[in-house]
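A.B. asks: Predicted structure and sequence below. I'll ask about it afterward.
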Amino acid sequence: MKSLRHLLLACTAALLLASAARASDWSEDYAAAQALAKKEHKYVLLDFTGSDWCSWCKKTDAEVFSTPAFKDFADKKLVLVTVDFPRKRELSDAVKAQNEKLKNTYSVQGYPTLVVLDPDGKTVFTQEGYEPGGPEAFIAKFPK
């Protein structure tokens, strides 16, 4: 019985680790995301958002980022970074400073703004505001 319990615990731990490593998981760590993108030859998607107040950000999340098609694409091609400017949720001072710097670097004027970088950190494209068309419209913007 003990060995069965240990086997189940080991399997559960392996599944948790595997799911935590999926690219469709969002990070707040820009530097780590850049390093991972370079190592894995993926794009970096910076999602400048007001996650707890911006209705267009929530619509983009629901219609694009939360879909199976986007998640499948992201797992293969993207490292995802949330650059959040919430009103109700408190961010660490380090994340606040990083987000302000990124906002200035990419001249973000409103939310949502999506910035896609190649593995070397060069801007591939920027999307300002909500755009209809779901994940297919977003994915179509990537170089083939």
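C.D. replies: That came through, no problem. Numbers count the residues shown, from 1 in each chain.
A.B. asks: so where does Leu46 fall, helix or strand?
C.D. replies: For Leu46, the host element (DSSP states H and E) is strand 43-49.
A.B. asks: Following the chain past the helix or strand of the chain with the lowest mean pLDDT, name the next helix or strand.
C.D. replies: Ranking every helix and strand in the chain by mean pLDDT, DSSP states H and E puts helix 2-20 at the bottom, with a mean of 41. Using DSSP H and E, the helix or strand that follows helix 2-20 towards the C-terminus is strand 26-27.
A.B. asks: Give me the contacts around that next one.
C.D. replies: 33, 47, 79-82 (CB atoms under 8 Å, 6 or more residues apart in numbering). Just so you know, the C-beta spots here come from the backbone N, C-alpha and C atoms, and that holds for glycine as well.
A.B. asks: Among those residues, which ones are in helices?
C.D. replies: Among these, the ones falling in helices (DSSP state H) are Ala33.
A.B. asks: got a markdown table for the contacts of strand 26-27, with distance to Tyr130 and pLDDT too?
C.D. replies: Converted to a markdown table, the contacts of strand 26-27 look like this (distance: CB to CB, whole Å; pLDDT from 0 to 100):
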| residue | distance to Tyr130 | pLDDT |
| --- | --- | --- |
| Ala33 | 23 | 98 |
| Asp47 | 12 | 98 |
| Val79 | 22 | 98 |
| Leu80 | 18 | 98 |
| Val81 | 19 | 98 |
| Thr82 | 16 | 98 |
